[in-house]
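Undergrad: Sequence first, then the predicted structure:
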Amino acid sequence: MSTEPLLAATELFKAFGPTEALDRASLSVAAGETVAVMGPSGSGKSTLLHCAAGIMKPDAGSVRYDGRELTTLSDGERSELRRGEFGFVFQFGQLVPELTCLENVALPLRLGGMRRKLAEAEAEQWLETFDVVEAARKRPGDVSGGQGQRVAVARALVTTPRIIFADEPTGALDSLNGERVMQLLTRSARDSGAAIVLVTHEARVAAYADREVVVRDGRTQSGVVA
Amino acid sequence: MTPTGGGNALAQWWRDVSFGFRLALGVSRSPATALLRLVVGAFGVAMAVALLLGAASLSNIVDRHEVRQAQQLQQSVPQPGVDPLYTQSGSFAFRDEWVTGEWVYPSGESAPVPPGLSRHLKPGELAVSPALAELLDSPEGASLRSRFDGLRRVATIGKAGVVEPRDLTFYIGADASLSRGAEESRDPVRATYGFGRDHTDTPLPLDITTIVVVGVVTLLFPILILIGASTRIAGTERDRRLAAIRLVGAAARRVRRISAAESMVPAVLGLLLGAALFLVARPVVAEFEFFGYSTYASDIVPSPVLVAVIVCVVPVLAIGSAMVAQRRLIVEPLGVVRQATARRRRLWWRLLLFGAGVAILITPTWGRASIGRFLERTYIPLQSSLVVLGVLVMLLGLAALLPWAVERAITRLDRGGPSWQLAIRRLRFDAGTSARVFSGLALALVSGVAAQVIIGSLQATGSIGTDDSAAGGEVLLMTPPDAEPALTALRQRPDVESATLMHHAVMFYEKYQHAGAQVLIAECGPLLDSDVVPTCQDGDVFLDPRVLGDVGPGDDLVIDESSSARWTVPHSATTTKLELFPGLDEVSMVVTPTALGTAFERIDYVEPMAFAVLGRSVDPALRVEIEEYVRGTYGLSTTPSDQLNGVTVVGTRYASAYHGIGSISALLMTGLLFVLGVAVLGVLVTSAEHLRERARALASMSAGGVGFGTLARSLLWQNAIPLALAALLALAGGVLLAVILLPVTAGHIRVDWTVVALPFGSAAVLALLLTVLSLPALRAAVSTQHLRTE
């Protein structure tokens, strides 16, 4: 492990009106490491992930990624990071329903300026890797939940990100499909050297992580998964 | 891996735009609501485009009409090598329509062929316009056919010879006696050496321009609001889509670009659809008479410059209104949030906008008096532009006032039953959206109210249309062979208020190579009765500069070509715009008999006319009856010439004007109904979307024991409250708009109960209609299905 973590969120504070979602919460992720963020519903684990990923600004605290302070970056710079260096897998809703699964996977590459054919060829490889190539020409609404989530994982990995943020990636799946998605996600991340921040309330899913951070009432407590 | 191949900013723009197109076109396989959004958006743009293309064609319609009129003008200057074509005109009224025509006799091979014919007519041959042919062949034309007995119909007059497609015109081939017997005829025979003159463009009359401009501008607003409303359809799907794009790395600016490009697709589709709609509607529109004109479908051609403007501006407006509708959306990677700050709506800027519109509208009214009549023609475009700008700004202000008015009203409406409470709470939660949608209806109603007031007021002052109080009712001008007995007969009828004698004469200008000037000779009484001149004293002479050219006081006119007798236009002659009858509209001078003195006896071409002021009825059948009565009393000859030149109604004062304003009114009301329909569609779409979004809450209420009737009544109040306020604003705005515009259109304000009934009646009907049409969506929303969690 290098001395400086890839991502370090320190003393984060975030309130939604009178409700304090984060209260001096901290999280650090080393390159290639998988960290599970656990906690009961409403504890602030998703807010922590959103702040750490730069898609939500904390009210106070710092988020450093690869030597850069995320909280001071412009919207354009943060978007560029999300496009090139971060990958996201959420419970649902992150696929564009009007695009085919292939187009969805190619989307981050296309937004980055890659030519369509090239982007789609690359996307097709990822669909093969995740065994959903038959869904390539279908729209997200026409495929099963498990297939859709594998497409989402493929899209998260297509830009070969350095860190993947996964928020309850198996929350909408049955246990069999959930296992499959987790295996594919962690194996692919390991192969490409990507770190994972994995928000979950399931111990079974957290077991895929190297380390566990527990969030309770907006505060973090660190631990290591056995 | 970092994506490669990033290009410059322009390439990125293009990528975003094409991605937006892709998303918009992808909806064809998405949920039905997304497809509905595309269809409603395109439909709204199509309506706007068709409406604007129609308005852009108006000047061309008038222009081509005038070109054809100019093509028919006869050239009386001898041309070397050209034999003259002798012509004598004749006209008569049949039922409520004019039949006009010419006897023609070519004196040689090189004589000009009348416009619309391919060859000269031989004596006894008849050529008729398509409309006259149709009438002659119909059962209604039986009595008309007898007037053309003994003539052989050999041709149909082509477009060049028929100014308007519904004109009833004819040519009759005459023999050489036409040229020899000119002195026996009561109408002058002309030697014609050619047809057609250059024509100068004249703008539409100011009254009509103002009404058209106000109509188009106000009818466009609801369409733009419909386009805005269409962006709310399938809003949930759009929000999810945009958030997903944002999550994978599109900056907010790029998402806005993508969203704008998405809005461009319905705009472009609507543009094409609107153009198609315009082309399809042209022949239908040509069937009707607008502003006193009937027109050929081929004349309804928009000006290329205006087409270019429409093609550029309409998509921009469509995208603009879609973007304005989404302006409070903040697209974040986690979803879309609406800026829902409880900021209180400010009144000052809304009033400022409204006041600015009023100020702009008042400006041309002040300016007109100072600029003067002689500049009127050049002034009209400037005035119209200011009217357009003023109406636009004023309506924007009015549209902005409605959300404020609704917000203020609902804070004071606290008491009531459960359905009322539910409606008020709902409106308090989101008053802006429903008020904005209803402002489209309010603006459509503003146009209706303003048009109603303007038309009603102009009718009341006799400026247009017909009214019982104006100038003693309807008047008739007849040309019987012997005027005195006809006058006696007319005076015996109870439905004729008075009958007096007038004369129609022709004088010639020496300096224009003996071109003829038509002159009306009449006493002041009938001239004032018929509003030909505003004031009159015995001995007065009135000149109309529009048709008299530069002939003025002191100039000599030849009154008898054979003896070269002359009459000098007195120096006291007044220059004024004559308000003449249809059929006498080429009269350029009105002379009281005293001004002519003994010269009257020496006028070569003079024709007596019986001028009758009818009762207050405007029934066209009465005119026909009186005409037939006078004809029957004198047992006229049945030869075509006598029939045509016998008892002929030369003009009816108000009837023809009535048709013009009738069509304006009908057109505006049709437009209003249509736009209300479009606006209702927009409201329905928004309402259904609201119900869908709130399905869970509604289902919970229903499960908790709130009856369907209560929810339905709540829906009714949610529609009725903003609609009632919209009607109130429409009434105030419409009357104010009319009051401001009326000085421009030279009338006086008249507000009757129909003006008040229009907005409030429409609001009541619409509230009920919208509620009834939303009931199926409400029934679907309260289904317990929506209580299930995902």
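TA: Done, it's in.

Undergrad: helix or strand for the nearest residue in space to residue B:307 that is not next to it in sequence, which one?
TA: Among residues not flanking residue B:307 along the chain, residue B:56 sits closest, at 6.5 Å (Cβ to Cβ, 6 or more residues apart in numbering or on different chains). The way it works is simple: take the backbone N, C-alpha and C, and place the C-beta from them, glycine included. Using DSSP states H and E, residue B:56 sits within helix B:32-71.

Undergrad: and that helix, which residues are buried?
TA: By neighbour count with 16 or more other Cβ atoms under 10 Å in any protein chain shown, helix B:32-71 contains the buried residues B:33-34, B:36-65, B:67-68, B:71.

Undergrad: next one: stretch A:23-35
TA: For stretch A:23-35, by 16+ other Cβ under 10 Å, it's A:23, A:25-35.

Undergrad: next one: stretch B:677-697
TA: B:678-692, B:694-695.

Undergrad: How many residues are close by the residue of the stretch 451-600 of chain B found nearest chain A?
TA: Residue nearest to chain A within the stretch 451-600 of chain B (Cβ to the nearest Cβ): residue B:451, separated by 43.5 Å. Residue B:451: 27 surrounding residues under other Cβ atoms under 10 Å in any protein chain shown.

Undergrad: can you check residue B:767 too?
TA: Neighbour tally, residue B:767, other Cβ under 10 Å: 22.

Undergrad: List phi and psi for it.
TA: When read as degrees, to the nearest 10, the backbone of residue B:767 gives phi -60, psi -40.

Undergrad: same check, this time on residue B:98
TA: Note on residue B:98: its backbone torsions stand at phi -90, psi 140 [degrees, to the nearest 10].

Undergrad: How many residues are close by it?
TA: 19.

Undergrad: Helices of chain A, start to end?
TA: Using DSSP state H, the helices of chain A run over A:45-52, A:75-84, A:101-111, A:116-129, A:145-157, A:175-192, A:203-206.

Undergrad: what sits against the residue lying closest to residue A:206 once chain neighbours are set aside?
TA: Using Cβ to Cβ, 6+ apart and skipping residues adjacent in sequence, the residue nearest residue A:206 is residue A:36, 3.9 Å away. Contacts here follow Cβ atoms under 8 Å, 6 or more residues apart in numbering or on different chains; on that basis residue A:36 touches A:198-200, A:205-206, A:208-209, A:211-213, A:225.

Undergrad: What of residue B:282?
TA: B:297, B:300.

Undergrad: repeat that for 10 Å
TA: Residues in contact with residue B:282, defined by Cβ atoms under 10 Å, 6 or more residues apart in numbering or on different chains, are B:53-54, B:57, B:295-301.

Undergrad: With pLDDT and distance to residue B:609 as extra columns, can I get those in TSV?
TA: Formatted as TSV, these follow (pLDDT from 0 to 100; distance: Cβ to Cβ, whole Å):
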residue	pLDDT	distance to residue B:609
B:53	87	44
B:54	84	40
B:57	85	38
B:295	84	31
B:296	87	33
B:297	86	38
B:298	87	38
B:299	86	34
B:300	88	37
B:301	89	40
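
Undergrad: quick one on the thing from earlier: using CSV, lay out the helices of chain A together with mean neighbour count.
TA: Listed next are those as CSV, based on neighbours: other Cβ atoms under 10 Å in any protein chain shown:
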stretch, mean neighbour count
helix A:45-52, 26
helix A:75-84, 20
helix A:101-111, 27
helix A:116-129, 18
helix A:145-157, 25
helix A:175-192, 17
helix A:203-206, 16
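
Undergrad: Throw the ones you listed into a markdown table and include mean pLDDT, thanks.
TA: Shown next, in a markdown table, are the helices of chain A (pLDDT from 0 to 100):
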| stretch | mean pLDDT |
| --- | --- |
| helix A:45-52 | 90 |
| helix A:75-84 | 86 |
| helix A:101-111 | 89 |
| helix A:116-129 | 92 |
| helix A:145-157 | 90 |
| helix A:175-192 | 88 |
| helix A:203-206 | 89 |
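
Undergrad: So the residue sitting nearest the centre point of chain A versus chain B, what's the distance?
TA: Centroid-nearest residue in chain A: residue A:165, 1.7 Å away (criterion: Cα atoms, centre = their mean). Shown here: residue A:165 relative to chain B, a distance of 10 Å by Cβ to the nearest Cβ, to the nearest Å.

Undergrad: Just list the residues touching that residue, thanks.
TA: A:7, A:29, A:37, A:49-50, A:52-55, A:82, A:86-90, A:156, A:195-199, B:247.

Undergrad: So the residue nearest to residue B:307 versus chain A, what's the distance?
TA: Residue B:56 is 36 Å from chain A, by Cβ to the nearest Cβ.

Undergrad: So for that residue, what's the pLDDT?
TA: According to the prediction, residue B:56 has pLDDT 82.

Undergrad: Surely it and residue B:305 touch.
TA: Yes. If you go by Cβ atoms under 10 Å, residue B:56 and residue B:305 touch, sitting 8.7 Å apart.

Undergrad: Sketch out the low-pLDDT regions of the stretch 151-300 of chain B for me.
TA: Within the stretch 151-300 of chain B, the segments meeting pLDDT under 70 span B:180-188, B:197-215, B:217-219, B:222-223, B:225-236, B:289-293.

Undergrad: Quick one: name the residues of it near chain A.
TA: Selection of the stretch 151-300 of chain B residues close to chain A by Cβ under 10 Å from any Cβ of the partner chain yields B:237-255, B:258, B:262.
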